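[1] model the following, please.
(one chain, ligands or ions: 1)
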Amino acid sequence: MAKKLPKDTKATPEIGELAMIEGILEGSPDAVGVAVIRLDCGCRKMAAVDQAGDPASKIIMYRDHAESICDQCKADNGDFFRIIKQFISWNTPEPDAYTKAMIIKKVLGQDE
Ligand SMILES: [Zn+2]
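    All right, here's what the predicted structure looks like:
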């Protein structure tokens, strides 16, 4: 059976994620937010997105309390099918609701 995409796009970043998000935003002046993708192995994938929903940074993969991502992620680069949660952490001031919905759909491929 095909695994369904997680529907919930509203989540609060964890402490470790927040530090990464801040770092990404600092290095990405055009970013309106950071897409956070949690994988079933515990690793994270993140990338800044701009006003048009386009990537505003490189995709960053990391694992909390570890020097590198896990072996599975090294092998499959954080496969789509292993996503357990994905959401966008918005920069302040947040874009308007219409823009946010457009970006979520474009970046995460799902309706809010
Ligand atoms: Zn991993």
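[2] what sits against the residue nearest the centre of the chain?
    Taking Cα atoms, centre = their mean, the centroid of the chain lies closest to Val36, which sits 1.9 Å from it. Contact analysis of Val36 by Cβ atoms under 8 Å, 6 or more residues apart in numbering lists Ala11, Pro13, Glu17, Ile21, Arg44, Lys45, Met46, Gln86, Phe87, Ile88, Ser89. Placement of C-beta: from N, CA and C, glycine included.
[3] tell me how many other residues crowd the fourth one.
    Residue crowding around Ile21 was assessed by other Cβ atoms under 10 Å; the count is 22.
[4] which secondary structure element is home to it?
    Per DSSP states H and E, Ile21 falls inside helix 15-26.
[5] chain center to the following helix or strand past that helix, what's the gap?
    Of the helices and strands lying after helix 15-26 in sequence (DSSP H and E), the nearest is strand 31-39. Distance, stretch centre to chain centre, for strand 31-39: 2 Å (Cα atoms, centre = their mean, to the nearest Å).
[6] elements contacting whatever helix or strand comes next after strand 31-39?
    Later in the chain than strand 31-39, the nearest helix or strand by DSSP H and E is strand 43-50. If contacts are counted by 3 or more Cβ pairs under 8 Å, 6 or more residues apart in numbering; DSSP states H and E, strand 43-50 sits against helix 15-26, strand 31-39, strand 60-63.
[7] now these as a markdown table including distance to Cys73 and mean pLDDT?
    As requested, those are arranged in a markdown table below (distance: least, Cβ to Cβ, whole Å; pLDDT from 0 to 100):
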| stretch | distance to Cys73 | mean pLDDT |
| --- | --- | --- |
| helix 15-26 | 15 | 94 |
| strand 31-39 | 7 | 97 |
| strand 60-63 | 6 | 94 |
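[8] deepest-packed of the ones you listed, please.
    strand 31-39 (a mean of 24; mean count of other Cβ atoms under 10 Å).
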